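Trainee: Sequence and predicted structure are below.
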Protein chains: 2
Amino acid sequence: MTASAIREILKITQQPDVISFAGGLPAPELFPLAEVRAAANRVLDTYGPAALQYSTTEGHPPLRGWIAAQAGIPAQNVQIVTGSQQGLDLLGKILISEGDTVLVEAPTYLGALQSFQPYGPNYVQLPTDEGGIDVDALEGILKTTRAKLLYAVPNFQNPTGRTLSLERRQRLVELTAQHGVLVIEDDPYGALRFTGEPLPSLYSLGLALAGDVDSNHVIYSSSFSKTLVPGLRDAWVQAARPVVQKLIMAKQGADLHTPTFNQMIVAELVEDVLPRQIEVVKKAYGERARHMLDCIGRHFPGGVEHTTPEGGMFLWLTLPEGIDTTPMLARAVARKVAYVPGAPFYALGGGENTMRLSYCTATPQQIETGMQALGETIREALD
Amino acid sequence: MTASAIREILKITQQPDVISFAGGLPAPELFPLAEVRAAANRVLDTYGPAALQYSTTEGHPPLRGWIAAQAGIPAQNVQIVTGSQQGLDLLGKILISEGDTVLVEAPTYLGALQSFQPYGPNYVQLPTDEGGIDVDALEGILKTTRAKLLYAVPNFQNPTGRTLSLERRQRLVELTAQHGVLVIEDDPYGALRFTGEPLPSLYSLGLALAGDVDSNHVIYSSSFSKTLVPGLRDAWVQAARPVVQKLIMAKQGADLHTPTFNQMIVAELVEDVLPRQIEVVKKAYGERARHMLDCIGRHFPGGVEHTTPEGGMFLWLTLPEGIDTTPMLARAVARKVAYVPGAPFYALGGGENTMRLSYCTATPQQIETGMQALGETIREALD
């Protein structure tokens, strides 16, 4: 149902005269195309047929080693996966049994729900506000509910753009450790902070609490899709060794290994190109986000609440109660602008008056025109 | 247990002075390296950033279209997957529920067992002989057992190298249709026939029987890993539309899509490079297989049975009863030769006196020396 809703929206956004804030794609004009081309050639020249041969399930050693060094952990605590989506699927497969309680933000990342669904979780929604998950509410839920897993996107969340505050990170990590609840920290956007100060990952707080990389109850997932390019499908999971060992077994059955060639290309790019690319992307997305926020002030009626992302790709609107953004989408498209209705991002329903906007693939003129049209659509719905 | 056994074997085969017939890798010296390099550059020049962007779950349309045209079916009956292994995993996920009976050859492809295992199948083994599955035995089993699925590798099976005869193919397709049992036909090696006449696929026989592509009870899986290169991880599934629709949903959750760049590279190669490459690989593997068979005649003691593959990568030895090839492996390695013991390929046990040999990555001298050493190892075990 949610997948087909998104499918229909993607069809709409393919109409060339519709300005789409609905997508979840990174900006393709920023891709380091020449650098990827050079790296692909260098890989084939350096490794020869080995670049096109089967390789180990764990991942290309130089790439695995680089990721591990960045995190200050041993390489054996890193598993390379075919996109973050595969990391979530495999974690679902090894951690979730039919009926297990999984705590998710309300709203949460739709793709995670899709990944976990085949394993039969029982979702409990965690209330959120501008500072992310309400940890007092979490504490209450943990006292009454035996949960297996908590799934969260602490940095510039998809769909809301919100960031979990430092104090809440600390309490979330402590509370889940106390109650024996595993945490999956999904962090595809963390490197793309365009304002404010970086916060420690749940993973690093879990590591400090456990004192040992193999006792950390936080599992960390990230990706090169949003910082470098998505079409190579290179991502990773960091976790305690017992979790990684199960991931290796699950991944063997799932696709043997992530494409050798692609891992080698990314490994060629991480030292020099990736840091430069992150600066390019942050600058562009920061400008586009500020412009979109500015348009909200100039073009929108009163009573519309919005988040103010400090990084990442999305912001979130909450319209006055009573407006349903799902049927409103057709009226927006009639005005040549598209968004994603917020309701599908709620595991257990709610959020009918919310929507997700992506600012990262639109030009300044498109943001101006599109936000004006969206403001008119909302104004009309309020009448 | 089986995965770790194979892991240990792979470690042994990495010792440079051991001649390994244990691998399942295609011969890397045959890879069309220059052609892949040219295709990668052409793809980036032609498609630009779109080659590195997210793409549709179903697959790159020109690649999907080419596969469909080869099979004479609509493109919507084809799903691109990240290696055949992913096809098997997703088919397991959408078709197998806890406790469902799955019929498998004895012995069968180990990777399929690994893919299906998380979904809780109840395996029933089908007896086989030189002509593949014993269809009389299959008929008996179908009369007494309510099976969900039959999994088979009809061409040059992994691990035995055997091919299912035409008459048996016809009966297998009819019997499974009558009893409402789905068939997964796994065919990674079918294009690599180096002797004898090609046989119709179970898929094509199922299509003829059903009269309609969307009513075919046979699901077909194949790959570019053995014909072109494995490290790009490009493979596909052909099936009735209701199965493909479920595969699309499952694949969205599993990895969103197969890497865009890789699919585009393969699409560049299918018209001209692939047919030439298939000829190159068939010629080389045919020569190597004949040499290995010849060595069996010259170096092995009596009482060792072997299959005579007409294509593919493997042959299978059955040693006299009482010899266990698992402990014998250490003695073989002491003589600097490695193989895969046969027992792990049996879903429910058996085959202690069998082994799989791959002939495709060894030089003529290695085949000669390695088979001589293996003959001595077997002779010693018989004493």
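Mentor: Looks like it came in fine. Quick caveat, the model's predicted, so the values are computed rather than measured. Residues are numbered from 1 along each chain as shown, chains lettered A, B, ... in the order given.
Trainee: Can you pull the residues of the stretch 251-383 of chain A lying near chain B?
Mentor: In this structure, the stretch 251-383 of chain A approaches chain B at residues A:252-262, judged by Cβ under 8 Å from any Cβ of the partner chain. In this view, the C-beta of every residue, glycine as well, is placed from N, C-alpha and C.
Trainee: Kindly report the same for the stretch 101-250 of chain A.
Mentor: So the stretch 101-250 of chain A meets chain B at A:111, A:114-115, A:117-118, A:225, A:229-233, A:249-250 (Cβ under 8 Å from any Cβ).
Trainee: before we move on, the earlier item: so which of the residues of the stretch 251-383 of chain A next to chain B wins on neighbours?
Mentor: Highest neighbour count within those: A:T258, with 32 neighbours (other Cβ atoms under 10 Å in any protein chain shown).
Trainee: right, and it touches A:S84 too?
Mentor: No: assessed by Cβ atoms under 8 Å, A:T258 is found out of contact with A:S84, at 11.9 Å.
Trainee: so what does the top helix by length along chain A touch, helix or strand wise?
Mentor: Looking across chain A with DSSP state H, the single longest helix is helix A:273-299. Where contact means 3 or more Cβ pairs under 8 Å, 6 or more residues apart in numbering or on different chains; DSSP states H and E, helix A:273-299 is packed against strand A:314-318, helix A:364-382.
Trainee: Show me which of those has the highest average neighbour count.
Mentor: Stretch with highest mean neighbour count among the helices and strands packed on helix A:273-299: strand A:314-318 (a mean of 22; mean count of other Cβ atoms under 10 Å in any protein chain shown).
Trainee: Go ahead and confirm A:E310 touches A:T163.
Mentor: Yes: using Cβ under 8 Å, A:E310 is in contact with A:T163, at 5.7 Å.
Trainee: Find the residues that touch each one of those two.
Mentor: Residues touching both A:E310 and A:T163 (Cβ atoms under 8 Å, 6 or more residues apart in numbering or on different chains) are A:156, A:196.
Trainee: And the two? Which one has more around it.
Mentor: Neighbours per residue, other Cβ under 10 Å: of A:E310 and A:T163, the larger number sits with A:T163, 27 against 20.
Trainee: wait, what's in contact with A:K246?
Mentor: Applying Cβ under 8 Å, 6+ apart, we find A:K246 in contact with A:I94.
Trainee: all helices of chain A, in order?
Mentor: With DSSP H as the criterion, chain A has helices spanning A:2-13, A:33-47, A:61-71, A:84-95, A:110-116, A:135-144, A:166-178, A:202-210, A:241-255, A:260-269, A:273-299, A:325-334, A:364-382.
Trainee: Check which helices and strands the last one sits against.
Mentor: Packing contacts for helix A:364-382, counted by 3+ Cβ pairs under 8 Å, 6+ apart, involve strand A:19-20, helix A:273-299, helix A:325-334, strand A:337-338.
Trainee: Redo the helices of chain A as CSV? Include mean pLDDT and distance to B:F21.
Mentor: Below are the helices of chain A laid out as CSV (pLDDT from 0 to 100; distance: least, Cβ to Cβ, whole Å):
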stretch, mean pLDDT, distance to B:F21
helix A:2-13, 62, 46
helix A:33-47, 98, 25
helix A:61-71, 98, 26
helix A:84-95, 97, 32
helix A:110-116, 93, 39
helix A:135-144, 98, 55
helix A:166-178, 98, 50
helix A:202-210, 98, 44
helix A:241-255, 96, 22
helix A:260-269, 98, 23
helix A:273-299, 98, 42
helix A:325-334, 90, 60
helix A:364-382, 97, 61
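Trainee: Distance to B:Y285 for the ones you listed - can I get that in JSON lines?
Mentor: What follows is the helices of chain A, written out as JSON lines (distance: least, Cβ to Cβ, whole Å):
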{"stretch": "helix A:2-13", "distance to B:Y285": "42"}
{"stretch": "helix A:33-47", "distance to B:Y285": "24"}
{"stretch": "helix A:61-71", "distance to B:Y285": "30"}
{"stretch": "helix A:84-95", "distance to B:Y285": "32"}
{"stretch": "helix A:110-116", "distance to B:Y285": "39"}
{"stretch": "helix A:135-144", "distance to B:Y285": "59"}
{"stretch": "helix A:166-178", "distance to B:Y285": "54"}
{"stretch": "helix A:202-210", "distance to B:Y285": "47"}
{"stretch": "helix A:241-255", "distance to B:Y285": "25"}
{"stretch": "helix A:260-269", "distance to B:Y285": "22"}
{"stretch": "helix A:273-299", "distance to B:Y285": "40"}
{"stretch": "helix A:325-334", "distance to B:Y285": "56"}
{"stretch": "helix A:364-382", "distance to B:Y285": "55"}
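Trainee: Measure how buried A:P242 is and give me the count.
Mentor: 11.
Trainee: Is it in contact with A:V213, as I believe?
Mentor: No: in this structure, A:P242 is not within contact of A:V213 by Cβ under 8 Å, at 11.3 Å.
Trainee: ok so, going back, got the buried residues for the longest helix of chain A?
Mentor: A:273-274, A:277-278, A:281-282, A:284-286, A:288-289, A:291-293, A:295-296, A:299 (16 or more other Cβ atoms under 10 Å in any protein chain shown).
Trainee: Run the angle between it and helix A:61-71 for me.
Mentor: 60 degrees (axes from the mean of the first three to the mean of the last three Cα atoms, to 10 degrees).
Trainee: just the angle between helix A:273-299 and strand A:314-318, please?
Mentor: 30 degrees.
Trainee: ok, A:A106 - contacts?
Mentor: A:125-128, A:346-348, A:350-351.
Trainee: of all the residues you listed, which comes closest to chain B?
Mentor: A:A347 (14.3 Å; Cβ to the nearest Cβ).
Trainee: and that closest one, backbone torsions?
Mentor: With angles defined as degrees, to the nearest 10, A:A347 sits at phi -60, psi -30.
Trainee: you'd agree A:Y359 is up against A:F21?
Mentor: Yes: the pair A:Y359 and A:F21 qualifies as a contact (Cβ under 8 Å) at a distance of 7.0 Å.
Trainee: of all the residues of the stretch 101-250 of chain A next to chain B, which two lie farthest apart?
Mentor: Farthest apart among those by Cβ to Cβ are A:V229 and A:M249. That separation is 29.1 Å.
Trainee: which of the two has more neighbours?
Mentor: The neighbour comparison of A:V229 against A:M249 (other Cβ under 10 Å) goes to A:V229, with 30 against 19.
Trainee: ok, back up a step: now the common contact residues for A:Y359 and A:F21.
Mentor: In contact with both A:Y359 and A:F21: A:M292, using Cβ under 8 Å, 6+ apart.
Trainee: ok, the residue most central in space within chain A - contacts?
Mentor: For chain A, the residue nearest the mean C-alpha position is A:P188 (4.7 Å; Cα atoms, centre = their mean). Counting by Cβ under 8 Å, 6+ apart, A:P188 touches A:84, A:153, A:158, A:221-223, A:225-226, A:235.
Trainee: What of A:R356?
Mentor: A:22, A:158-160, A:314-316, A:339-340, A:342, A:345.
Trainee: Closest one to A:I73 out of the contacts of A:P188, please.
Mentor: The shortest approach to A:I73 among the contacts of A:P188 belongs to A:S222, at 13.1 Å (Cβ to Cβ).
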